[in-house]
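below are the sequence and a predicted model; questions follow.
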Amino acid sequence: MLQWHLNHSSTNGSNAIAAFNCREATSNPPQLVIVQTSTITFPTLATKTLGIADFSPSATASTGLSVSYTSSNTSVATIVNGNIHLVGAGTSVITASQAGDGTNNAAASVTQTLTVSIATNINSTNEMVKIGTFRKTINCSEIGTIKVYNLQGEQVAYNENSNRLNTNLITGLYIIHFSNKNGQKTIQKIIIE
């Protein structure tokens, strides 16, 4: 079969031929395959606060094909089922890609910088879980994951599958993020003395 591959892109509504080639495979009649040019639209990512639910990056491909994502800093954000999952404070470059298929070229990747901050103007959320401190030990009323951040947004202590976290933190104000096994979250300020 003789296959004709025609690559084209659209500029201001008109088609411009980018490449044209022919190759012989069998004696069947020739086939014309038009390969479309694809572009990605990726809106700017707003600054996010650690502790929010996973969210869609909202990039789209002009061909309608699905867009995949990667994160340059997995200590700040990871990609889970096509959504951004926040892990810690800081910045990460999120890259949107579209691989193409038999009739669509791969799109040029597009990047956006994600900035994640930590809430410091909170007292507490989800009063169902009580958090307290005794000297340098953090105690929670339920078993779950305990993450401690300083006011610069750096994670400084961590424990999981526990209701207690022994720390060697210096005296100061910290933010606690607690998640129980049912997914309920508590965010609270504490003072380590």
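Received it, and whenever you're ready, just let me know what you need.

which residues are in contact with the helix or strand hosting residue 109?
Using DSSP states H and E, the element containing residue 109 is strand 107-117. Contact with strand 107-117 is made by 38-45, 47-50, 57, 59, 61-63, 71, 76-77, 84, 86, 88-98, 100, 153, as judged by CB atoms under 8 Å, 6 or more residues apart in numbering. C-beta: built from backbone N, CA, C; applies to glycine.

now with 7 Å?
Contacts of strand 107-117 from elsewhere in the structure, counted by CB atoms under 7 Å, 6 or more residues apart in numbering, are 38-40, 42, 44-45, 47-50, 59, 61, 76-77, 84, 86, 88-98, 153.

end to end, how far does stretch 57-70 reach?
11 Å (CA to CA, to the nearest Å).

one more: stretch 31-41?
32 Å.

mean confidence score for that stretch?
Stretch 31-41 shows a mean pLDDT of 81.

and it, what's buried?
35, 36, 37, 38, 40 (16 or more other CB atoms under 10 Å).

quick check: beta-bridge partners of the second one?
The reference is to residue 36. For residue 36, the beta-bridge assignment (DSSP bridges) gives partners residue 8, residue 104.

so where is the chain shaky, pLDDT-wise?
1-29, 32-33, 119-133 (pLDDT under 70).

most centrally placed residue in it?
Nearest residue to the geometric centre of the chain (CA atoms, centre = their mean): residue 84, 2.4 Å.

which residues does it contact?
Taking CB under 7 Å, 6+ apart as the test, what residue 84 contacts is 54, 55, 57, 77, 94, 114.

can you show me the helices along the chain?
Here the chain has no helices by DSSP state H.

what's the local residue count around residue 140?
By other CB atoms under 10 Å, 22 other residues sit near residue 140.

what about it, distance to residue 163?
For residue 140, the distance to residue 163 (CB to CB, to the nearest Å) stands at 5 Å.

what's residue 166 in contact with, if anything?
136, 137.

recalculate using a threshold of 10 Å.
Contacts for residue 166 (CB atoms under 10 Å, 6 or more residues apart in numbering) come out as 135, 136, 137, 138, 157, 159.

if I look at it, how far off is residue 193?
For residue 166, the distance to residue 193 - CB to CB - is 14 Å.

check residue 160 too.
Counting by CB to CB, the gap from residue 160 to residue 193 is 25 Å.

now do residue 36
Residue 36 is 64 Å from residue 193, by CB to CB.

what residues of stretch 172-188 count as buried?
174, 175, 176, 177, 178, 179, 180, 185, 186, 187, 188.

tell me how far the ends of it are from each other?
Distance between the boundary residues of stretch 172-188 (CA to CA) amounts to 14 Å.
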